[in-house]
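A.B. asks: let's see this in three dimensions:
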Amino acid sequence: MTAAGSVASFREATVRFTADEFMGLVRHPPLAERAGKIERVESEIVHMAPADIPRRRVRHDVMSKLRSAFAVEGEWLVAVEPTVRFAERGVRPPDLAVFRSPDLHFPIFEAADLFPAVEVADTSPGADLGPKRETYSAAAVPHYRVIDLKARSVVVMADPDGGRHVSSSRHAFGAPPPVPGTDAAIVID
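C.D. replies: Numbering: from 1, shown residues only. So this is what the prediction gives:
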């Protein structure tokens, strides 16, 4: 077999990992440095595209506003791309996450501690509103938002029941949906 054939057959192979095996892999410096952003989804490792400048700007802006909204010292943690375990559905780093009274002694958070999760979608609204939404819904994450940069809107999902979010609404940029658990609203321009 040629070298190209070996690479092609390697790319087609599916390798499955437990959450603990995955965490061991991403802590290994060569993989962590070379692989970029990766997630474990339904036992498979998925490579994620790096964030571009508009996506980073929106993520930073929303992170600052979430930190202001959840400013109660020690009670809330607003995190950028935290590692969150979703039982056997995967290990994902949401773009932004808010945790209530998290245990900071562990390098990985549990989905049960996640209050709202936020994804900023530029090239991935299909994944964020499809498989990722299913993961958050199945884990009963109470609030999930997708900031869709191309559609210039925010999709707000809440009230998980039976593996899906019962309520869902779309808000145009400039029309601020309220931030759950606060009196704040986040305007995205």
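A.B. asks: and the end-to-end length of stretch 82-96?
C.D. replies: From its first residue to its last, stretch 82-96 covers 8 Å (CA to CA, to the nearest Å).
A.B. asks: quick one: name whatever helix or strand follows the helix ranked longest in the chain.
C.D. replies: Using DSSP state H, we find that the single longest helix of the chain is helix 53-69. Following helix 53-69 in sequence order, the next helix or strand is strand 76-80 (DSSP states H and E).
A.B. asks: can you list contacts of the helix or strand just after that next one?
C.D. replies: Of the helices and strands lying after strand 76-80 in sequence (DSSP H and E), the nearest is strand 84-85. By CB atoms under 8 Å, 6 or more residues apart in numbering, the residues outside strand 84-85 that reach it are 19, 91, 92, 93, 94, 97, 108, 109, 110, 111, 114, 117. All C-beta atoms are positioned from the backbone trio N, CA, C, and that covers glycine.
A.B. asks: which helix or strand contains the residue positioned nearest the centre of the chain?
C.D. replies: What sits nearest the mean C-alpha location of the chain, by CA atoms, centre = their mean, is residue 94, with 1.7 Å. Secondary structure assignment for residue 94, by DSSP H and E: no helix or strand.
A.B. asks: thinking again about what came up before, can I get the contacts of strand 84-85 in a markdown table with distance to residue 184?
C.D. replies: Shown next, in a markdown table, are these (distance: CB to CB, whole Å):
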| residue | distance to residue 184 |
| --- | --- |
| 19 | 33 |
| 91 | 30 |
| 92 | 25 |
| 93 | 24 |
| 94 | 19 |
| 97 | 17 |
| 108 | 28 |
| 109 | 23 |
| 110 | 25 |
| 111 | 24 |
| 114 | 19 |
| 117 | 17 |
